[in-house]
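1. Take this sequence and fold it.
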Amino acid sequence: RRPPRSTLFPYTTLFRSYDAFGESADFNFLMGVIYMENSKFDAAIELFERAASMENGRVKGVDSYLPLYNCGVICEVLGDRTRAKDYYARALPYKKASTGLARLSAEKGSFLVILGVRYCYNVLNDILLGIVSTLKKMGYTVDTYDEQEGGAAGLSAFVGKKYDGIFAVQTYLYGIYLESRKKFLFDEITGPKYNIILDHPGWLSHLFERLPEDTFVLTHDRDYLDFTKRYYGALSGSYFFPLASAPSGRSIRPASERKYDLIFIGTYGDYRKKLAQIAETGNSFVKFLANRYLLIMRKNTKLSAEEAFRNALEYYGRECDDDTFLSLFSAMNPVLSCVMYYTRERVVRELLKHGVKLDIWGETWNDSPLRDDKYLRIHPEVTPEESQLIMEDAKLSLNIMAWHKGGFTERMARSMFSGAVLVTDETKYFADHDSSGVEQFDLNDIASLAGRTEHLLSSPDELNEMACAGYENAIKNHTWEKRLSELFEVRG
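-> Numbering: from 1, shown residues only. Here you go, the predicted structure:
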């Protein structure tokens, strides 16, 4: 940990008796070593720099390569690879400096990945752990920190370090401002800061109000990308970052050897409770607006959440600036949740009505009105690792978007890598990306989903062909290595 900056001793006071030594390269080098050994790194570097500027060293190297080499060591320990390489280069041809420079040149860089909340089947951390594993395979050094265990205070261990990138998912940490020091915490943990956004950014305005420089959003949805660029000026930028996964290494089995016909892994939410919440809204205009918004979303399932909301505002002839729009849109959170819950239940209900057997993982479905249906089997919640095994034992893997109308999620990638056929509601993502091996359905025509599902389950050759195409698609387009390489290329 880099300590607070120490004031270099004043020769005229603390060392008044040693004025003669103050101009000695040997003395400055020796004092630099003492400060270095006591972790007073700023003062040590100042002394070493002073020694290197002199020409009166009595011991070989104390007025040239030795202090510069020590400065390189300090900077490397503190994670500032750029300065470390510069100091090592200035200390050449000293052999140890040459070794240090070669070592840093061989290393591809370092990253910090901040793990966080464990809700939603721990999928957020699963995404980050996939990034950690891939960065290491790509040759990068990776530090990890668990915010749930150490809290924000534990990040003090990283103060002074410089990274090639910092990754987190929907974190508030980047916005922590230290009033006493008039700076952000992440002004002192430097490097591009990437906040991966899964949910609609309109719900997350509190994460983007005040931010340090070099803070970026990564989002899997094109609509979310456009939204962050328009409404969150504190960001340094936003990038399209479809989520990914990785092959398990296990062999892909044919449909005939798989236990489950159709699976769905996800929670149940009761849209009726959200309707009651909307009805209790105190502001009459907001209540009318919410009901119109709900109606538009139900009838226009291809619209993004913000497009549907703009239509609701237009219906009432309401024009507003960006700040007002963002404030009103944030208040519509119950409406968006209501539509998502309603859509999820509607899809499941339609499949069961047509006699399609469905295995669902998520005990919350025991609270649904569908719980006693003879074609539905409800299983306990599972971890991401367990869900991968379940998908590998399924013929079809159902995905119902959380209104990601232009997105690609980790669940979709995982389904494709498992050798199950991905069955998902339509996303604009596939308009300009390979959709091989993917079965898309229209939320306005859910009845056709049941028919198509029954057809695939009764056509093993077609099913296996689609599964293989989906797997090859995933290997080519949806690995974490490809996703990170694309990001680094865009970022330069």
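
2. just for the stretch 351-492 of the chain, where's the confidence low?
-> Across the stretch 351-492 of the chain, nothing is flagged by pLDDT under 70.

3. Now residue 347: phi and psi?
-> Dihedral pair for residue 347: phi -60, psi -50, per degrees, to the nearest 10.

4. For it, which residues are in contact?
-> Counting by CB atoms under 8 Å, 6 or more residues apart in numbering, residue 347 touches 398, 400, 425, 443, 446, 449. Yep, even glycine has a C-beta here, placed from its N, CA and C like the rest.

5. What of residue 417?
-> Residues near residue 417 by CB under 8 Å, 6+ apart: 245-248, 388, 471, 474-475, 478.

6. can I get those in TSV with neighbour count, distance to residue 487 and secondary structure?
-> Below are the contacts of residue 417 laid out as TSV (neighbours: other CB atoms under 10 Å; distance: CB to CB, whole Å; DSSP: H, G, I helix; E, B strand; the rest coil):
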residue	neighbour count	distance to residue 487	secondary structure
245	25	16	strand
246	19	16	coil
247	15	21	coil
248	16	24	coil
388	20	24	helix
471	20	24	helix
474	27	18	helix
475	14	19	helix
478	24	14	coil
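
7. quick check, nearest of those to residue 45?
-> residue 246 (42.1 Å; CB to CB).

8. Isn't that closest one up against residue 129?
-> No - using CB atoms under 8 Å, residue 246 makes no contact with residue 129, being 10.5 Å away.

9. what about the residue positioned nearest the centre of the chain, which SS state?
-> The residue lying closest to the centre of the chain (CA atoms, centre = their mean) is residue 196, at 3.0 Å. Three-state assignment for residue 196 (DSSP: H, G, I helix; E, B strand; the rest coil): strand.

10. wait, what's in contact with it?
-> Counting by CB under 8 Å, 6+ apart, residue 196 touches 127-128, 167-170, 217-219, 241.

11. What sits closest to residue 109 if chain neighbours are left out?
-> residue 164 (3.7 Å; CB to CB, 6 or more residues apart in numbering).

12. How many neighbouring residues does that neighbour have?
-> Look at residue 164: counted by other CB atoms under 10 Å, it has 18 neighbours.

13. who's in contact with the host helix or strand of residue 295?
-> Using DSSP states H and E, the element containing residue 295 is helix 284-299. With contacts defined as CB under 8 Å, 6+ apart, helix 284-299 is touched by 278-279, 281, 303, 305, 308-309, 311-313, 315-316, 318, 328, 331-332, 334-336, 338-339, 342.

14. Stretch 383-391 now?
-> Stretch 383-391 is contacted from outside by 121-123, 126, 248, 260, 263, 265, 361, 382, 397, 414-415, 417-420, using CB under 8 Å, 6+ apart.

15. cool, stretch 464-478 as well?
-> 242, 244-245, 247, 252, 254-255, 395, 408, 413, 415-417, 419-422, 433-439, 456.

16. And the buried ones among these, selectable in ChimeraX?
-> Selection of buried members from the contacts of stretch 464-478 for ChimeraX, criterion 16 or more other CB atoms under 10 Å:
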select :242,244,245,252,255,395,408,413,415,416,417,419,420,421,422,435,436,437,438,439,456
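
17. circling back: which of the contacts of residue 347 fall in strands?
-> Within the contacts of residue 347, residues falling in strands by DSSP state E are 398, 425.

18. Which residues are in contact with residue 219?
-> Here residue 219 is in contact with 196-197, 201, 225, 228, 238-241, 407 (CB under 8 Å, 6+ apart).

19. for residue 178, same thing?
-> Residue 178 is in contact with 184-185, counting by CB under 8 Å, 6+ apart.

20. now the strands for this structure?
-> 110-115, 141-146, 165-169, 177-178, 183-184, 193-197, 215-219, 237-240, 260-265, 358-361, 376-379, 394-399, 421-425, 438-441.

21. Which other helices and strands does the third one contact?
-> On a contact count with 3 or more CB pairs under 8 Å, 6 or more residues apart in numbering; DSSP states H and E, strand 165-169 meets strand 110-115, helix 123-137, strand 193-197.

22. which one of those is the most hemmed in?
-> strand 193-197 (a mean of 25; mean count of other CB atoms under 10 Å).

23. Quick one: distance of that strand to the chain centre.
-> Remark: strand 193-197 is offset 5 Å from the chain centroid, using CA atoms, centre = their mean, to the nearest Å.

24. could you dump it to PDB, C-alpha only?
-> What follows is strand 193-197, C-alpha atoms only, in PDB (Å, rounded to 0.1, in the frame of the first residue of the first chain):
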ATOM      1  CA  LYS A 193     -12.500   1.800 -14.900                       C
ATOM      2  CA  TYR A 194     -15.100  -0.400 -16.600                       C
ATOM      3  CA  ASN A 195     -18.600  -0.700 -15.000                       C
ATOM      4  CA  ILE A 196     -20.400  -3.600 -16.700                       C
ATOM      5  CA  ILE A 197     -24.100  -2.900 -16.800                       C
END
